[in-house]
Each structure stands twice: as C-alpha cells, then as structure tokens.
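*Asks:* dropping a prediction and its sequence here:
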Amino acid sequence: MLLCRPWELLGSGWVLLAGLLLPLQMFAGVVGALESKATAVGSRVLLPGLGNVTHIDSTCWEFLNGSRSQPILQHSRGSPSPTIQEPYKGRALFHPTNGSLLLEDVQESDSGVYKVTINVKESLEILLEVLKPVSRPQLWTSALVAQAAGQVLCRVAEGKVDTISWKKDGHPVPPGRASHLSHSLSILYLRAVQRSDCGSYSCNASNRVSWQETSLNVTIAGLSPRLQDALRVAVVAVVIAAISVWGLVFPVCQSAKLRIRGELWRWLSAYTCGLVSLSSGLAGAAGLLWMQEEGPSVAIILPEIALTYAIVINLLVTVAVTFRPAVFTQLKSKTAQSTMGYAAPAGVVLVVLTSSFLIKSIHQRHEEGCRGLVAVTTLTVSTAAVAALPLLTIFLCYHSRQRRLGECDTTWADRALEMSQPSSRDAADPQ
C-alpha cells in the first residue's frame, strides 16, 4: 500500500528509487535460482523443471556456453513431442508434465549451465558437473630408515580429486603431517622415523561422485644401506678370523716329532697370516662404514689404529715367509721375533673384539626398526667354505705325507726283522 503512492510520503526521490527497483525485481523473477548437480561420466542425470508451477503452457531448454546459448528443445502445450537438437538427440528424454529433462550417457563435455524457462517468464538455471570417477590411489614410500625423515606418497592417476585423506591403522592422521602438492598427489611426511611409525597406511581419494581407498603396510628399516654393508663386512671379518685360528692352533697342538715342517709349514704360515691381514682390513672397513653413518667415535678410532698395525705386520710376515723364509732365521732381536710370532694371534683377537662390538651396535640400531635383519647365513657359509679350502688342502697334503712316511718306516722295520732271523738253509745245517 505504501509503494502504490510513494510520492505522497517521500517525494520525488523515492519515486526514482522505486522505478529502479522494479526492473531488478522483474529480472530476478525471470532468472530464478541456480542449482548444482554432479554426476559420473556415462551415467544418467535428471534436470528438474520448476516445481512451484502448476500450469505449464510452454517449456524451453537451452545450454549456456559462456555468452552463447545452444537450444536443446522448445515445447508448447498441446503440440506434439518436441524435436531434440544435436548433440542431445537420442540421449535426452523430455517430460512435458513437469518440464524436466533426462540426459543419458553424459560426458565431461556436457558440463555447464542448463536453463529451463517455463511460460516465458519463470526460469531455473542448473550447473551440471560431469566428473570421471577417481581411480584407485597408488601408494609408495621413500627409503624409510629409523631416525631419518621419510615420506609416504599417494597419487591418483585418473579423475578430478576434491579431497585426499590419510589414516594409519584405521585412525585419522593428525592434521599438518600431510600436504597436497596437486589435486592428484599428496605426501605424508614422517619426521625422525621410529618404530611406532610402522603399520598400515591408507589413502582415501574422493570427489563429488566417487571415492577410492588403498592401503599399504609400511615397515621401517633399522639399518641404512651403509650400516647393512658394515654388518656384512664385519661378519665376513669374524668368519675369516675364525678360520685362521685353525692355521694357528694346528702346529701348536702337534708333538715335536709330528710337527709340520718344510714347504707345508711355509704355505700354512703364509696363508694364515694372510687371512689375519685380510680379516683385519675387513674389520677396519666395517669400522669406517660405521663412522660414516654415526660419526667419529673413540671406541672405533683406537681399534682402527691397532687394526692398521696388524694389517701391516701380518702382511710383511706373509710376504717374507713366501719369498724370503731365511729372514726369520737371521732375526737376532727378541722383540722382532716376538712381534712376528704374536702378530697373527693378536690380530685375530683384535678382529674378533672390534667386529663383535660393531655387530652388537648394529643389532641395537636394527631394533629401532621393524624390518627383518639382513640375511647373512649364506654369506657366512660361503665365506667359511672359500677360506677353509686352502687350509684343508694343506692338511690333506700333510696327512698324505705322514702316511707315506709311516709306510716307509714299516717297510724298513720288516726288512730289518727279516734280516735278523736265520734263513731256512742255515737252520738245516748242523753246527
């Protein structure tokens, strides 16, 4: 009632304002509301008409592509079924009773704004979004080592992704640990990886029409590749040192009469000292690998110095015994003789102590992860077989020589006994 005669109340200014508001109200009635729908590629979707209209005289559907309008159909009351325009012909079904439009086998190109106009003056715009369903996410990890930083990555190959969420053992991952580098890639950061980070991680990717989830069982390695190499080298050093013990003990356990001598002694001594020198070098290499990973340590540096000394002395003994065995008989210094004599046993003890310390420390680091320990059984057996083969050859040669000497002694004894007994002719002659 007030708007019918505004000039009587507010004067000419309000008359002008009312004149501006009236076209806007009419435009709002024509444009109507904007609805939104989402559907998957290849499915069917129903675009509704105006639900508040009881009497429909005419209906017009069109696709708004930017500033251009592409007609779909136009229908008037009492007229036959409308002609569906391309590219909707054969896959659009119109319901004249309520003005709705059913689209079948929709594609991504069908995404956009659809407008229906009822009775010329009332309309509704529908924003249709046709999406590809998301594919199953791909999960993988970087190298996960205890106390180091790591990542779990989730990538979706197909489909527009709206959200990516993470779970560990069925529980949501705390916010802030995952970042989305793009719509299809998300990274879960693991800082200072520890044993508690082991478990099942799942990545859920979704959009408005679909969702997919993939799980991955994540294990943490307690040892880095460098420490794994250090463990292998330390085990080989201990095995070789243990084999060399047989070469040291065998001559000591023999009696003075049966003690190995001559050429076999040279080869046994040279090979034994060579094994000790090799095992010392391997133990030193394992210590260096450890310090490269863990940093310098006095507990490793001091054995490294002693191992270097053992390498040099045993290597000199090996060379001297092999090429100039007379050097040992020419040594007059008791200190030099003791150094040469005890270099191999001392080297074995040093290798065993250093390698045992490294193996124990590496095993403690392994306990910080949840992955299996490095397999060293095959390496141990193969190393022992290769290292022991020359020693077995020397021992077999020694026993073969002892057997021949025993047969010679028996032959001479039999002959002496035969010569000491009277012959049958002498026994027949009377004295």
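*Replies:* Here it is on my side, so go on.

*Asks:* and Thr322, what element?
*Replies:* Using DSSP states H and E, Thr322 maps to helix 298-323.

*Asks:* show me where this structure has its helices.
*Replies:* Per DSSP state H, the chain carries helices over the ranges 7-10, 12-31, 225-253, 262-294, 298-323, 326-330, 334-366, 377-420, 424-428.

*Asks:* which neighbouring elements make contact with the fifth one?
*Replies:* When you say that, I think you mean helix 298-323. helix 262-294, helix 326-330, helix 334-366 (3 or more CB pairs under 8 Å, 6 or more residues apart in numbering; DSSP states H and E). For the C-beta atoms, the positions are set from N, CA and C on the backbone; glycine is no exception.

*Asks:* out of these, which is the most enclosed?
*Replies:* The highest mean neighbour count among those, using mean count of other CB atoms under 10 Å, belongs to helix 262-294: a mean of 21.

*Asks:* angle of that one against helix 225-253?
*Replies:* Angle of helix 262-294 versus helix 225-253, following axes from the mean of the first three to the mean of the last three CA atoms, to 10 degrees, is 150 degrees.

*Asks:* any idea of the mean pLDDT in helix 262-294?
*Replies:* Averaging pLDDT along helix 262-294 gives 90.

*Asks:* helices or strands up against that helix?
*Replies:* Going by 3+ CB pairs under 8 Å, 6+ apart, helix 262-294 lies up against helix 225-253, helix 298-323, helix 334-366, helix 377-420.

*Asks:* quick one: buried residues of the first one?
*Replies:* Right, the one you point to is helix 225-253. Within helix 225-253, the residues scored as buried using 16 or more other CB atoms under 10 Å are 227-248, 250.

*Asks:* give me the pLDDT for Glu213.
*Replies:* 95.

*Asks:* the residue lying closest to it once chain neighbours are set aside: what's it in contact with?
*Replies:* Closest residue to Glu213 apart from its sequence neighbours, by CB to CB, 6 or more residues apart in numbering: Asn204 at 4.5 Å. Taking CB atoms under 8 Å, 6 or more residues apart in numbering, we find Asn204 in contact with Pro137, Ile164, Ser165, Trp166, Lys167, Trp211, Gln212, Glu213.

*Asks:* can I have the buried ones of the residues you listed as a ChimeraX selection?
*Replies:* Buried members of the contacts of Asn204, defined by 16+ other CB under 10 Å, are picked up in ChimeraX with:
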select :137,164,165,166,212
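
*Asks:* of the contacts of Asn204, closest to Asn65?
*Replies:* Nearest to Asn65 among these: Trp211, at 30.2 Å, using CB to CB.

*Asks:* with that, I have no additional questions.
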